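In: This is a predicted model, with the sequence first.
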Amino acid sequence: VGDVVYSVASRELKRERRDGSVDSERVAVELGVEVSGKRLDPMMKRVDFHGVIRYVSRDLGLEGKHHSIHLGVGDEITIESRNNYPRLEALAKHYRAPSMSKKTAVVLVDDEGVAVYTASDKGLKPLYRKSVSSRKMEPEERSRMMHKIYSEAVEEAGKADEIYVFGPSVMVDEFMNNVRRLDKQLAGRVRKTGYASSTDLGGVSEVLRNKGLHELREVVKDVADAEEVETLMEMLAKDPSRTALGLDECFKAFGMKAVKKLLIAEDYLWTMMTDDRVSQMLDQSESYGVDVRVISSQGESLDKLMSLGGVACLLRYSIEPSLLREAG
């Protein structure tokens, strides 16, 4: 409250002609709103900022009028703050993700086909996938079909600056032989090879779970999400006393100042944001330097975290599980 939030909106601009008729058009305008209140809308996954307009990029007579800015997931705003600048700058540095400087392709191969995924800060997106027919065919015919699929996959992967290839070792070798045959320079862009059992999303989850794309975790959120959840699962199996699961246990662990890292599912966060315990945990995370990871990638990692209650913590030291279960 008291900060000025800037956002671009559209406004209808009307002009009256000499004959009395009116023309109208919608124009983009930047508005600066001095915030007097805010409201969280979990259903719409947005935050509404209410206040008075203090700045307008065009002379439309809007200064001093009340206005609301609706901030959804992925939207960008500019904040002018006189009292909270150090806190906002710290948050911005923490959440500001580095951009990908190179185009990256992830190729999965098996005995039935090939899939090419493109990696970005948004995650892994399918670019190409094709399989040979399931009908019986002669080895020569199957070989021709696979070589054709390999050629198409190489063409798609060739648009990337660096390439990762995963699959059964025999199939990876076969694919790499085709890469060298088709484009020797492209073979030099293959940064890493490894194992995956299939070319579908199950294969993608397998690669992420086994940290096959660890080099990309700083720029691909799917990779970071999967590795964070796998670290939690490993600790849960190795030393469960160093973990807290569910809201009650996590809140108790925060009260003991024992939390090292907080993992929370995005949908769960939106649903529970109005719960005072969640707000307190987030505030304490900022105050005590707790690493907060919002798991938003759809797939196996999110499903695992939701099965554990939607929120979990890695602890600085061991706590007898019965002490945390008393939180309820």
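Out: Thanks, I have it.
In: Just to check, residue 161 is in contact with residue 118?
Out: No - using CB atoms under 8 Å, residue 161 is not in contact with residue 118, being 11.3 Å away. C-beta coordinates here come from the backbone N, C-alpha and C atoms, glycine included.
In: shared neighbours, these two?
Out: Both residue 161 and residue 118 are contacted by 103, 104, under the criterion CB atoms under 8 Å, 6 or more residues apart in numbering.
In: and those two? which has more neighbours close in?
Out: residue 118 (19 against 12; other CB atoms under 10 Å).
In: Any idea what that one is bridged to?
Out: Per DSSP bridges, the residues bridged to residue 118 are residue 105, residue 125.
In: From residue 179, how far off is it?
Out: 17 Å (CB to CB, to the nearest Å).
In: Also residue 31?
Out: Taking CB to CB, one finds residue 31 at 52 Å from residue 179.
In: Torsion angles phi and psi at residue 46?
Out: Backbone geometry at residue 46, expressed as degrees, to the nearest 10, gives phi -150, psi 160.
In: Pull the number of nearby residues for it.
Out: By other CB under 10 Å, neighbour count at residue 46 equals 16.
In: likewise the one 4 residues further on?
Out: Other residues within reach of residue 50 by the criterion other CB under 10 Å amount to 15.
In: after the one helix or strand it maps to comes which helix or strand?
Out: Using DSSP states H and E, residue 50 sits in strand 46-56. Sequence order places strand 66-72 as the next helix or strand after strand 46-56, per DSSP H and E.
In: got a list of contacts for that following strand?
Out: With contact meaning CB under 8 Å, 6+ apart, strand 66-72 is reached by 5, 7, 9, 31, 33, 44-53, 77.
In: Quick check: of those residues, which lies closest to residue 183?
Out: residue 45 (43.6 Å; CB to CB).
In: quick one: the closest one and residue 270 touch, right?
Out: Yes - using CB under 8 Å, residue 45 is in contact with residue 270, at 5.3 Å.
In: in stretch 123-136, what's buried?
Out: 123, 124, 127, 128, 129, 130, 131, 132 (16 or more other CB atoms under 10 Å).
In: Now the helix or strand where residue 155 lies: average pLDDT?
Out: Using DSSP H and E, residue 155 falls within helix 139-157. On average, the pLDDT along helix 139-157 is 90.
In: hmm, what's the outermost residue in this structure?
Out: When distances are taken from the C-alpha mean of the chain, residue 19 lies farthest, 54.7 Å away, according to CA atoms, centre = their mean.
In: And for residue 308, nearest residue in space, chain neighbours not counted?
Out: residue 245 (4.9 Å; CB to CB, 6 or more residues apart in numbering).
In: so how many other residues sit close to that neighbour?
Out: 22.
In: any idea how far residue 278 is from it?
Out: Distance, residue 245 to residue 278, by CB to CB: 15 Å.
In: for the stretch 201-328 of the chain, which spans come out with low pLDDT?
Out: 297, 326-328 (pLDDT under 70).
In: can you give me the strands in it?
Out: All strands of the stretch 201-328 of the chain, identified by DSSP state E, counting those that start in this stretch, fall at 243-245, 259-265, 291-295, 311-315.
In: What lies in contact with stretch 117-124?
Out: 97, 99-100, 103-108, 125-127, 160, 204, 213, 216, 219-222, 297.
In: Can you flag the buried ones in those?
Out: 104-108, 127, 160, 204, 213, 216, 219-222, 297.
In: who touches residue 106 in this structure?
Out: 116, 117, 118, 119, 124, 163, 164, 166, 204, 207, 213.
In: which parts of stretch 299-317 are buried?
Out: In terms of neighbour count (16+ other CB under 10 Å), stretch 299-317 has its buried residues at 299-302, 304-305, 308-315.
In: and those residues as CSV, adding distance to residue 189?
Out: Conversion of these to CSV gives the following (distance: CB to CB, whole Å):
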residue, distance to residue 189
299, 27
300, 28
301, 28
302, 31
304, 33
305, 34
308, 39
309, 43
310, 40
311, 40
312, 38
313, 40
314, 36
315, 42
